[in-house]
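Colleague: predicted model and sequence follow; I will ask about them next.
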Amino acid sequence: MPRRVRAAFRSLGFAAAFILPACASLTEVPHLPVGPSLAAGSPSASASATSAPRPTVIVIGVEATPPPCTVDGILATWDLSRLAEQTVVIPVDETNVLSIRGEVAAGAGGVILFGSYAPANLGAELQSLDAAAPSGIAPFIMTDEEGGVVQRMANLVGSIPSARQMGATMSAAQIQQLATGLAQRMRAVGVTMDLAPVLDVDGGQGPNNFDADGTRSFSANVGIASNDGVAFATGLLAGGVTPVVKHFPGLGGAAGNTDVVAAATLPWSQLQSNGLRPFEAAIAAQVPAVMIANATVPGLSSLPASISSSVITGVLRQRLGFQGLVITDSLSAVAISSAGYSVPQAAVAALRAGADMVLYNAGPGSVAQLTDQTVAAIVAAVNSGTLSRAALQSSVARVLGAKGANLCAA
C-alpha cells in the first residue's frame, strides 16, 4: 500500500474499519477520495459523487487465523491405511509379544495376549512394544482375565475365582474391590484393557463346545448377573484398566459355542426381558466398551451379531444410546466362516454395522499376512464406497477417545 494512502487511512481512523474476517487472506478495498468533498454540506459533494473518476482498487494482505484444532480435523489428514490400522487388534502369545512389533509400528489399534502363563519380563516387553507405536499412540494391550478357567496371567497378577463363584459367595462390594486390585496388578505389567466381565445370564455347565459361558457367568439370575457384572467392571475402571462387557446382546442359553459352530441366542422376544438386561444396567453405569457376540439373534438378525447393523446400530447405539467403544468377538470363529465371511470380509462388515475394533485369531506365522489383508480390505471398502470414510473416522475417534489420546495436545 502506498505511504500516502496509509497516511490518509490513519488520519480518518479507517484502520479498524478494514479488519478482515479470519477466513480471508486477501480483500479488495476501494480507494476513497479524501478532503473537503467528504465534508457534510460541502457544495462540491454532489458533483464529486457524479463526476469523480471510478475509484481505484487496492489489495490488502491479511494473515489468516488458524482454525481451532479438532480430532476430526486431524483424522481428516490421515490416510486410509493409518485409519484402518487403528481398528485392528493383533493376536499374540504373551510369551512372544515382540514378534508383532512390526504391526504395532504400523499403527495397530490393539494387541490381544493369549496364553496361560505370562513371562516374568512381560511388563518390560510390553513397554518396548508400546514404544514402537507411531506418534506415541500406544495400542490397547488386551487380555481375558475373567477368573476361574479363563485367566491368562494368574502367575503375575494372582488367581481369582470364577464369575459364578463370585456371584454365589461374594457381595457386589467385595467383587468390586477384588476387581480393583486385579486391575492395579494388570496395569503394573502394562495391560490396559480386560475383555471382561461376562454379563451373559447362564446357569449351564460350560464353558465347553456346547455352552460358551457356564461358570464364566455370574448367575442365571438376571439381577445377580447385572449387579455383580457392573461391580466387576466398576472395579476394573477404578484400578486403571478399561473393562469390556460381553457378549452383547446376551449369549446365555445360546444353541452352541460360536467358536466351534454356528449358533443362535435365545429369541429376541425372550432376550429383551432376560439376557439384555445386564447390558442395559452396564450402559446405564457408563461402561466404556462392549463386545459383540458372534451368534445370530432369532427375531432380530439372521447374521452373526458382530456383523449385524440391526444389533450394533439398531439396538446398541440407537435403542440403548451407547456411544462408547464397540469391539467384535473373534472374527475367526466358525460362526463367522459358516455365514460365508473371511476375516477381512467380516472386518469390513463389522465396521459397516457400527463396530469400532475387530478381533481375530491367527498363528504366529500368519498374523502379519492376515493383518495386511484385513487392513487392505478396509481401505478397499472405503475406496469403493462400501464403507464410508466418515464412518471409519468416527470409529477411530472412539478408539482414540477410549485410549485418552489427545491428538490436539501435540
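Modeller: Nice, thanks for sending it over. Numbering: from 1, shown residues only.
Colleague: and Ala376, how far from Gly102?
Modeller: Counting by C-beta to C-beta, to the nearest Å, the gap from Ala376 to Gly102 is 16 Å. Glycine gets a C-beta too; all of them are placed from N, C-alpha and C.
Colleague: wait, Asn274 touches Pro267, no?
Modeller: No: proximity of Asn274 to Pro267 does not meet the contact threshold set by C-beta atoms under 8 Å, at 10.2 Å.
Colleague: compare those two (neighbour count), which wins?
Modeller: Set Asn274 next to Pro267 and count neighbours by other C-beta atoms under 10 Å: Asn274 wins out with 16 against 12.
Colleague: contacts for the helix or strand hosting Gly102 next, please.
Modeller: Assigned by DSSP states H and E, Gly102 falls within helix 101-105. Residues from elsewhere that reach helix 101-105 (C-beta atoms under 8 Å, 6 or more residues apart in numbering): Ile90, Val111, Ser128, Leu129, Asp130, Ala132, Ala133, Pro134, Pro139, Val367, Ala368, Thr371.
Colleague: over to stretch 130-139?
Modeller: Contacts of stretch 130-139 (C-beta under 8 Å, 6+ apart): 86, 89-90, 101, 104-111, 129, 141, 190, 192, 400, 403, 405, 410.
Colleague: rerun that using 10 Å as the cut-off
Modeller: With contact meaning C-beta atoms under 10 Å, 6 or more residues apart in numbering, stretch 130-139 is reached by 82, 85-86, 88-90, 98, 100-112, 126-127, 129, 141, 190, 192-193, 399-400, 403, 405, 407, 409-410.
Colleague: which among the residues you listed end up buried?
Modeller: 82, 85-86, 88-90, 100-101, 103-104, 106-112, 126, 129, 141, 190, 192-193, 399-400, 403, 405, 407 (16 or more other C-beta atoms under 10 Å).
Colleague: show me what contacts Gly253?
Modeller: The neighbours of Gly253, taking C-beta under 10 Å, 6+ apart as the test, are 200-204, 211, 213, 220, 264-266, 270-271, 274-275.
Colleague: filter those residues down to the buried ones, PyMOL style.
Modeller: Per 16+ other C-beta under 10 Å, the buried members of the contacts of Gly253 correspond to this PyMOL selection:
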select buried, resi 200+201+202+203+204+211+213+220+264+265+266+271+274+275
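Colleague: what segments of the stretch 251-400 of the chain are strands?
Modeller: 289-292, 325-330, 357-359 (DSSP state E, counting those that start in this stretch).
Colleague: will you turn those strands into TSV that also has mean neighbour count and distance to Gly314?
Modeller: Shown next, in TSV, are these (neighbours: other C-beta atoms under 10 Å; distance: least, C-beta to C-beta, whole Å):
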stretch	mean neighbour count	distance to Gly314
strand 289-292	25	12
strand 325-330	26	13
strand 357-359	27	19
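Colleague: let's have these in TSV, adding mean pLDDT and distance to Val230.
Modeller: Shown next, in TSV, are these (pLDDT from 0 to 100; distance: least, C-beta to C-beta, whole Å):
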stretch	mean pLDDT	distance to Val230
strand 289-292	98	13
strand 325-330	98	17
strand 357-359	98	22
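Colleague: select, out of those, the one closest to Trp78.
Modeller: strand 357-359 (16.4 Å; C-beta to C-beta).
Colleague: what is that closest one packed up against?
Modeller: strand 89-93, strand 110-114, strand 140-143, strand 289-292, strand 325-330, helix 343-353, helix 389-403 (3 or more C-beta pairs under 10 Å, 6 or more residues apart in numbering; DSSP states H and E).
Colleague: tell me the angle of the host helix or strand of Ala124 relative to strand 89-93?
Modeller: In this assignment (DSSP H and E), Ala124 forms part of helix 122-131. Going by axes from the mean of the first three to the mean of the last three C-alpha atoms, to 10 degrees, helix 122-131 is angled at 150 degrees with respect to strand 89-93.
Colleague: alpha carbons of helix 122-131, as CSV, please.
Modeller: In CSV, the C-alpha atoms belonging to helix 122-131 read as follows (Å, rounded to 0.1, in the frame of the first residue of the first chain):
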residue,chain,number,x,y,z
LEU,A,122,6.2,-59.3,30.3
GLY,A,123,6.0,-55.7,31.6
ALA,A,124,9.3,-54.7,30.1
GLU,A,125,8.5,-56.3,26.8
LEU,A,126,5.1,-54.6,26.6
GLN,A,127,6.8,-51.3,27.3
SER,A,128,9.2,-51.9,24.4
LEU,A,129,6.2,-52.8,22.2
ASP,A,130,4.4,-49.5,23.1
ALA,A,131,7.5,-47.6,22.3
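Colleague: could you check the angle that helix makes with strand 110-114?
Modeller: Interaxial angle of helix 122-131 relative to strand 110-114 (the same axes, to 10 degrees): 150 degrees.
Colleague: run the chain-centre distance for helix 122-131.
Modeller: Relative to the chain's own centre, helix 122-131 is displaced by 22 Å; criterion: C-alpha atoms, centre = their mean, to the nearest Å.
Colleague: what are the buried residues along it?
Modeller: So helix 122-131, judged by 16+ other C-beta under 10 Å, has buried residues Leu122, Gly123, Glu125, Leu126, Leu129, Asp130.
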